[in-house]
Each structure stands twice: as C-alpha cells, then as structure tokens.
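Undergrad: need coordinates for the below:
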Amino acid sequence: MDQSVAIQETLEKDDNCAIAVQCDVLFDDVEESRLLGLVESAKEYAIFIYSHRRMAITAEDVSLEDIIPISLDFAVVEVSSPEELVVVGADTRVRMSFQDQELELRLPFGSHSRIFLGEVNKAWSDVCRSPTQAPKFEWINKYHKGTRGQGAVKQAIAPLGTTLSKLNQHQKTEKSSDKKGTLEKEKGSNSGTQKSKVYSNPESQSISIREDRDDLDDLVRSSSHTPSNKAQILAMPQFGLRDNLIRCELLKNEDLYTYLEPFSFFLGTYNVNGQTPKESLRPWLSCTPNPPDIYCVGFQELDLSKEAFFFNDTPKEQEWTKAVFEALHPEAKYAFVKLVRLVGIMLIFYVKKEHAEFISDVETETVGTGIMGRMGNKGAVAIRFRFHNSDICVVNSHLAAHIEEYERRNQDYKDICGRLQFRQIDPNQPPLTIMKHNVILWIGDLNYRITDLDVDKVKELISKKDFEKLHSYDQLKRQIDEEAVFEGFEEGEIDFQPTYKYDTGSDKWDTSEKCRVPAWCDRILWRGKNIDQQHYQSHMALKTSDHKPVSSLLVIGIKRVNGEAYKKTFEEIVRNIDKMENECIPSVTLSKREFHFKDVKFMQHQAETLSLFNDGQVPCQFEFIQKPNEPTYCKPWLTANPFKGFIAQGGSVDIELEVFVNRSTAPGLNSGVQQIEDILVLHLERGKDYFISVTGNYLPSCYGTSLHSLCQLREPIQDMPQETLRELAEMSSTEDAANTEKPLDIPKELWMMVDHLFRNAIKQEDIFQQPGLRSEFAEIRDCLDTGMPDSLPGSNHSVAEALLLFLDALPEPVVPYSFYQQCLECCSNASQCEKVISMLPQCHKNVFNYLAAFLRELLKNSVSNRLDVGILATIFASLLLRSSTKQDLAEKRKTQEFFQHFLAQGSS
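TA: As a prediction, the model looks like this:
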C-alpha cells in the first residue's frame, strides 16, 4: 500500500510527498519502526520522519517527529557490515547526516527502497548543482508547531527533534571510532576491496554476492574511463556504450566460462481457504529425505475478509509465515530471502544459509486479474532472482474459479504473462517479463477442473487409482495439448488423487449441497533446461483447508562461473572491441519503414513486427528517441517493445510496435481531434537516425465518448460522420445539437447493458465481482458501436464488466469533476447528497439515478447474487465519483459514503 497518502494528509496545501518508505531506526540495540517521506515545497526537499501505526492509511495513523532538510550539509552513505552483506535479502543500513547530527536506518530490501534513495539523491544533486543558491527551508517552520487546517482532521504536531535527539547520545559515544571506521572504508574503496559500499553500486542495492561475482562486475566497470570512486552519495551507475557492448558479448559467450551444478528446489502450493494454521506444516514442507537448497512456498486465499480485499492488510500473513519457518527441513539452516503478497496470494522464498551469498538481483511484482483487470482477489505474485549465473522467476497464481470458466483461466494466464514485469537494477534497461528468464517455476491454485464426467464417475476412477484416465479429462492438460496456455512448460506425472474439494478438517469429498466434482486445482509446472523432477505429490495429512497442499522437488542445473575462463573470455572481448570501435560505425537494416494499423478499436491490441539486422562490423546499441518538443518517443497509444537494446554483430532483434487505445487516448480519437499517426526516430549510438512512419484508422466507440454526446446520437456511433462527432465533442453539456430531435434521456448503449443485466443477471452469483472474457467484451463493444446484432452477446459477467469499463472510460464521469468536492463535503448528509445530484446536468443526473435504481434492485436479490451495499459502493463510487487528480484513501472512503445513501432501499 502507498503510505505516502497518509503523509500527504498531514501536509499543507502547497507541499507534496513524492515518495514514502517504511524503515527501522536503530537506537543502540533497540529498533523502532518509522515512516520516511520525501517532501517537496517550492523545489526544496526535506525528509519527514513519522512514527506510525502498523499500516499508515490516513493522517490519524502517523505523527511527525523530525525533519531533515536536504541541503549541502546533508549526506547519506550505506553502512551495512560485511556480515549483513552476505545475507540474502538483507535490508540496507544507511546513515543520514545533517550538520553534526546522524541517524542510522535500516531500509527494507527491494526496489521501492532503491527508488526512494534514488529520489533522495536527485534532490541532493539539485542542491549541489547550485551551491550559491542555498535553500532557505522557511516552509519547514510551520511544522514545528500548530495544526493542519483546511477542514481536514486536525493533528497536533509533536515537538520536532525527537528521533535525532534520542539517537544523539548514542552517536557521541561512537563518534571517534566511527571516524576511524569511515576512513578505513574510504581507503578500502580506493583499493577496490570495500565491503561497506556507497549506494552507487547496483549490486549493493540487492545482495552482495561472492567475491568472484564482485570481481566480474568490477572488470566490466573498470574497462571504461569513468572515475572508479565517485563521491560517497546515492547515485545509480550510468553504464556507457562500451560497458554495455562488453556485457552483450559476455552474455553471448556465456557457455565459454560457465558450468552446470545441480541444486534442489522445493516448490509448494496450498489454498488455505481463509483459515489460520491449525497444524504443523512439516508433513508437507519437510517431506524430503535431504534438506532442499531452496524453498518457494505459495499460498492462496490467505484471507477472505473484506478488509484484506479492500486494504490488502492481514494478520494471517505473519501467522502463515511463522508456520512455514517452523516447518522447514530440520537438518539445515535457512535464510529468509523475500515475501510478496497480493490480498490472499502469497509467496515466500528461503535459501540454505550457505547459498545465500550467491543470490542477487531479487525483485518482486504482483498483477491483479480480478474485475476490470485490477482487483487482487485473483492474479499472481512473483519473485525473480539470480542464483549464481542463472536467472530464475517463480510465479504463484490464483486463476478464475468455476468449472465452466476455463477460457477465463486461459485469459488470466496470458494477462499475467503480459502484464507482470520486473524493473531492472539499471534503470536504462527495459523491464524483464516472466519469459525472459532461464528457469520459470509456476505454482498455485490454477483452478482447472475435470470436465465431461459426472461426480460419481470421477470418484469411481479415484477409488480405482486410475489417475491416468482421469487426467485425460483434466482441463489444464487439454488446454496445454491445444497450446492455449503454458506453452513450453512441463508438468510431472500426476499419481495422486485430486486436491479439491474436501470437507474442512477431513479427507471426505465435498458433502455440501453443491457437491463439487473433485479436481486437481493445485498444480506445479516448470519451463527451462536441465530440470529433473524428483517428486510430485499431495499431502493428505493436512486437513486445515478444503484443498490439500501439493509439493514438487526439482533438481535444476544452475550455471556457475569459472573465474579463470571468465577472465580469459573477458580479455578477448575487450581486445576485439578495442580493435573495432574506432574503425567501424554501427549500422542496421530495417525490415520496413512504414506501418499501417487497420481498423483500430478501443482496448483491442494490435501489433506489427519491425526487424533490425546488424549489418555493421560492431555490436550496436539502439534506442527510440524523443522528437523535439515532445515528452516521449511516441504517442500514448503506441509502444515499441523493446524501445532500446543491443544487437550483436550479425545478429537481429524483433521489435513489436504495439497499438492499444485505452480510456485516456480514446476521447481524442473518437472525436477525430487525434489520429493514428506518428513518426518514430530510431537512433544508433555513434551511428545515424532512422525514421519510421506509423499510421492507421480508428473506429469510433461509445467507450471514451461523453454522456452528452451519446445522448445526442440515436444511431450507432460508427454510422455517424466524423464531423458530427467532432462538433458534439466541442459542445458544452448544456447545449443540444442544432436541428435535431430531443436528446435521449440516457445513452442507448448504457440502457442496453443495464437492461440485459436486469433481465438476465439479477440473481447471478458474484455479478460485478467475477471478470468476463476479453473476447466477449470485444463482441459487446462491437454490438454497441455498430448496432449489430440486436441483442448483446456474451455471458452476464462479460456484460457486467463491459458496463464498468464504459463508466471508467467516460471523459467526464457521471458526477462531473466540478461537483466532486461538493460530494466529499456533504458525504455524511443524505439530503445534501441528493441535493448535489439534483444539480447535475440533465443527462448526468438521469444516468446516476438510473444506475442507482438498478443497483437497488440487485441488492433485493443479495441472497442469490452475494452482493451487499459495501461491495457495490466500493466498485461504483470509484467510477461515478472520480477525481481529476490522484485520489487518496480518505477521499475514496468519502465517495463510498456518499454513494451508499443512494443504495439504501427507499431512496428516490
């Protein structure tokens, strides 16, 4: 959760919290949690230090203790000890100093801390660029005492200096020895043997690895002509072309200096159905005779409460993490590396302590695939890392439920693969996707079921242990055989009974009224070379959930570096580059220079491939660059993937030029103000520029068109001349088109979707909570935009999601932006809320009242559809009452409170 929102609520109007990070402040042997915020005012920066509750959501959860101005007297260095650096996933210890005061902090391991420190460095660098214009920090004075105004929650600020004062005594006693230690560290840095590193080294931001890995990276860096020891400040490295060419060649010749060594990976997955740990997990996690080298343990449905769903905070994270730690194999000692969680999907990563120093480049990411592709009740979490010289990605996913929804599960899988991207340590490098790793390990409740057999036949085959025949009816096997999902992945032979669904606390199949057909929902797959599965089994001894946990032990050949062979390869590469780089100019051949995208539609991805062939004498570095007076290299509806990279001599690369129109780009394209037209500039480092033309035609859509315009259209939007659409877009919401009939009360497209749901889905279970199919949304959109066919296609869930996407894409929300603040101010007063709605422009008022009446009808059938006021208010308030700026959590709660008044039965 973004805790900068809570800090922002404590700030005055003109001050802004750019980024926040949670950390521990170190007082002697005592650690206390604090929240740091990088606050900006009039281009001056300071670090605000807050005490806070466990998860800071609003201003009430934080209390300001200290402020550290970022001036010429400010500095930050990393002070991690060698012992800490060799622990995988170790947090980063830094010392912040201002004048004669110092503060020692421990920041959590990962990219967010790195980004925070990078932003601090940018702020400090700005000060250093203008040393004669020292910042005055007069704006800080107002925080030393007083209260917040502006009608927000009033909060008395504690006297500042608490944290620094508390630490001061401790610092005085250590100051003399500290100075000596600092000198020794600086000396070590100059000699190339420094262990306590300044944050400019990317490896120190993830994990310090064994000395030979450090030496390898040092060789690459020292081959350039930049100073090896810059000032001790936080700064990301800027690798030049020469360094990148060397890295590119090293990667290409990796086989010359690496060898394979086998390591065992224990993979486990368990859907715990919202339960707390009631029994030891040792029968599952310690089932192997020998201790595994690495554990990757995944959970689903960790917490099913609404609090976890809406706020992503749950005490069950700690409970299950503790249960895992206590159940690891007793014959080895393990180091905790990383934990990542999205609502109820959690992944935990442990490694044997003796291997910890060989883990690096650890990153985590999450993707929600719930309704509108955002909600986190379904989706995936992932951890990527480098082990020795192999890049590994572990994914834990929970895909769509229900036996008939296998296509939705396929779509979830593709969404996860497409949307889950890891930031790289070098910010100039494009993000890494799942498939860009040597080894991919995929675990989770994939939810694929057994089909075409009734429950009795399934149980009969289970009783006979005829798992081979039963497996032939498994949806996942069939989808893999059809190459619909998990292409290139492998799964071991299944010789255990289905892991779902049991009566909780027993080994009995589901005896509830639904009597679910047993299924292998919980699966483990892998992709990569040199992987051998030792076991694949379920664990019937655990009875906490309605699922049984599953485990797999894989022995994977990991690439290790031979130091001597590496040095020899490296030196040969440097010699060759030295010989060529001054004689040869890079050049490439392009497969084509003009691209046309035909019939582009709202939220329908199109792609064309641009192939680059390096016909020059040296490896080359390419990048799409900005044109003069333009903020990015391309229009917002276009992307090039990758937009930068390297091509080895004689090699080639395929670049996907992708067009995708979303809610932000649709309005201009619908009206004809914008066109599908752009020129890309492809730049070669030390070479010339190439110009690539991108054109296309866009088919106007009701998605991204204003309510006012749609109410003027009695015919489908694609039957209307472009000039008419442009004129309507330019009209104000109070004008009606000249010489036309009376406008419609509400857009016909909105009526079609709501009417369809009213007639067919009023009792649909999980309506507005379960996503639809992308392919069905495309059919619904085309029907609304063309008028054909007469009735909407697709499932109820697809129509429901299409309605939400329609509201989300409106250029001006149902409650116009100009009324937003009034809604927040009167949110607790029902009659005042109704008064605000009565003042809306006519078509906006009609739509609001129409939707509220429909939702009240849904709530009358809550027993069947499992909806309640809280769920509907959360989903619809965020669409009907949108802010033109970033909405904080307090505002979101007020919009929900506002809308709830209109969901009460009896509301007019």
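Undergrad: how about the helices in the stretch 201-350 of the chain?
TA: Along the stretch 201-350 of the chain, the stretches classed as helices by DSSP state H, counting those that start in this stretch are 202-205, 211-222, 241-252, 282-285, 306-311, 316-327.
Undergrad: no wait, the stretch 1-150 of the chain
TA: For the stretch 1-150 of the chain, the helices defined by DSSP H, counting those that start in this stretch cover 4-10, 82-85, 111-129.
Undergrad: need the three-state assignment for the closest residue to Ala778 other than its chain neighbours.
TA: Distance criterion CB to CB, 6 or more residues apart in numbering; nearest residue to Ala778, sequence neighbours excluded, is Gln604 at 6.1 Å. All C-beta spots, glycine's among them, are computed from the backbone N, C-alpha and C. State at Gln604, reduced to three classes by DSSP: H, G, I helix; E, B strand; the rest coil: coil.
Undergrad: I'd say Gln604 and Glu779 touch.
TA: No. Taking CB atoms under 8 Å as the contact criterion, Gln604 and Glu779 are not neighbours in contact, 11.3 Å apart.
Undergrad: domain parsing for this protein?
TA: As assigned by the TED database, the chain contains the domains 3-133, 254-561, 588-698, 743-904.
Undergrad: now do the end-to-end distance for the second one.
TA: Counting by CA to CA, to the nearest Å, the length from the leading to the trailing residue of domain 254-561 is 9 Å.
Undergrad: and if you look at stretch 302-320?
TA: Terminal residues of stretch 302-320 lie 8 Å apart, using CA to CA.
Undergrad: name all residues that make contact with Ile115.
TA: For Ile115, the set of contacting residues under the criterion of CB atoms under 8 Å, 6 or more residues apart in numbering consists of Ile19.
Undergrad: do Leu757 as well
TA: Ile767, Asn796, Val799, Ala800, Leu803, Phe854.
Undergrad: now do Ser189, the pLDDT please.
TA: For Ser189, the model assigns a pLDDT of 34.
Undergrad: that should have said Lys136, apologies.
TA: For Lys136, the predicted pLDDT is 85.
Undergrad: count of residues packed around Arg527?
TA: Number of residues near Arg527 (other CB atoms under 10 Å) recorded here: 19.
Undergrad: what sits opposite it in the beta ladder?
TA: Beta bridges link Arg527 to Ile440, judged by DSSP bridges.
Undergrad: can you redo the domains of the chain as JSON lines with mean pLDDT?
TA: Conversion of those to JSON lines gives the following (pLDDT from 0 to 100):
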{"stretch": "domain 3-133", "mean pLDDT": "81"}
{"stretch": "domain 254-561", "mean pLDDT": "93"}
{"stretch": "domain 588-698", "mean pLDDT": "93"}
{"stretch": "domain 743-904", "mean pLDDT": "94"}
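Undergrad: and these: which comes nearest Glu727?
TA: Nearest of the domains of the chain to Glu727, taken as CB to CB: domain 588-698 at 8.9 Å.
Undergrad: thinking again about what came up before, now the domains of the chain in TSV, with distance to Ala729?
TA: Output for the domains of the chain, formatted as TSV (distance: least, CB to CB, whole Å):
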stretch	distance to Ala729
domain 3-133	33
domain 254-561	25
domain 588-698	4
domain 743-904	9
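Undergrad: so how far is the strand or helix carrying Leu807 off the chain centroid?
TA: If you go by DSSP states H and E, Leu807 is part of helix 796-809. Taking CA atoms, centre = their mean, to the nearest Å, one finds helix 796-809 lying 23 Å from the centre of the chain it belongs to.
Undergrad: what does stretch 344-359 give?
TA: 20 Å.
Undergrad: CA-only coordinates of it, as CSV, when you get a sec.
TA: Coordinates of each C-alpha in stretch 344-359 appear next as CSV, following Å, rounded to 0.1, in the frame of the first residue of the first chain:
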residue,chain,number,x,y,z
GLY,A,344,-4.6,-13.6,-0.3
ILE,A,345,-1.9,-14.7,-2.8
MET,A,346,1.5,-15.0,-1.0
LEU,A,347,4.9,-16.4,-2.0
ILE,A,348,7.7,-17.0,0.5
PHE,A,349,11.4,-17.6,-0.6
TYR,A,350,14.0,-19.3,1.7
VAL,A,351,17.5,-20.5,0.8
LYS,A,352,20.1,-22.5,2.7
LYS,A,353,22.4,-20.1,4.5
GLU,A,354,25.5,-21.4,2.7
HIS,A,355,24.0,-20.4,-0.6
ALA,A,356,22.7,-17.0,0.5
GLU,A,357,25.7,-15.1,-0.9
PHE,A,358,25.1,-16.4,-4.4
ILE,A,359,21.6,-14.9,-4.6
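Undergrad: ok, and for that stretch, which residues are buried?
TA: Under the neighbour-count criterion of 16 or more other CB atoms under 10 Å, stretch 344-359 has 344-352, 355-359 buried.
Undergrad: pipe those into CSV and attach distance to Val659 per row.
TA: Formatted as CSV, the entries for the buried residues of stretch 344-359 read as follows, by distance: CB to CB, whole Å:
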residue, distance to Val659
Gly344, 35
Ile345, 31
Met346, 36
Leu347, 34
Ile348, 39
Phe349, 37
Tyr350, 43
Val351, 43
Lys352, 48
His355, 45
Ala356, 45
Glu357, 46
Phe358, 43
Ile359, 39
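Undergrad: still on that earlier bit, please state the backbone phi and psi of the residue nearest to Ala778?
TA: Listed backbone geometry of Gln604 is phi -120, psi 110, with angles given as degrees, to the nearest 10.
Undergrad: what do you get for Thr695?
TA: Its backbone dihedrals place Thr695 at phi -130, psi 170, with angles given as degrees, to the nearest 10.
Undergrad: the nearest residue to Val351 once chain neighbours are set aside: how many residues sit nearby?
TA: Using CB to CB, 6+ apart and skipping residues adjacent in sequence, the residue nearest Val351 is Ile294, 5.1 Å away. Each residue near Ile294 was counted by other CB under 10 Å, and the total is 25.
Undergrad: for Ile294, what are its contacts?
TA: Phe263, Ser264, Phe265, Phe266, Phe349, Tyr350, Val351, Lys352, His355, Phe387.
Undergrad: so what's the residue sitting nearest the centre point of the chain up against?
TA: Within the chain, one residue has its C-alpha closest to the average C-alpha position: by CA atoms, centre = their mean, that is Thr366, at 4.4 Å. Counting by CB under 8 Å, 6+ apart, Thr366 makes contact with Val340, Arg341, Leu342, Ile345, Gly376, Gly379, Ala380, Val381, Ala382, Leu420.
Undergrad: show me which pair in the residues you listed is furthest apart.
TA: Using CB to CB, the contacts of Thr366 span at most 14.8 Å, a distance reached by Arg341 and Leu420.
Undergrad: of the two, who's got more company?
TA: Between Arg341 and Leu420, counted using other CB under 10 Å, Arg341 has the larger neighbour count: 25 against 22.
Undergrad: pretty sure that one contacts Ala382?
TA: No. The pair Arg341 / Ala382 is not scored as a contact, 11.6 Å apart, by CB under 8 Å.
Undergrad: now do the shared contacts for those two.
TA: Shared between the contact lists of Arg341 and Ala382 (criterion: CB under 8 Å, 6+ apart) are residues Leu347, Thr366.
Undergrad: please enumerate the strands of the stretch 651-800 of the chain.
TA: Under the criterion DSSP state E, counting those that start in this stretch, the stretch 651-800 of the chain contains strands at 652-659, 677-684, 689-698.
Undergrad: mind putting those in TSV, mean neighbour count and distance to Arg106 included?
TA: Below are the strands of the stretch 651-800 of the chain laid out as TSV (neighbours: other CB atoms under 10 Å; distance: least, CB to CB, whole Å):
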stretch	mean neighbour count	distance to Arg106
strand 652-659	17	41
strand 677-684	18	42
strand 689-698	16	47
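Undergrad: quick one, helices of the stretch 651-800 of the chain?
TA: Counting by DSSP H, counting those that start in this stretch, residue ranges of the helices within the stretch 651-800 of the chain are 666-671, 707-712, 722-730, 748-760, 774-786, 796-809.
Undergrad: now do the fifth one and helix 748-760, the angle between them.
TA: For helix 774-786 against helix 748-760, the angle by axes from the mean of the first three to the mean of the last three CA atoms, to 10 degrees is 130 degrees.
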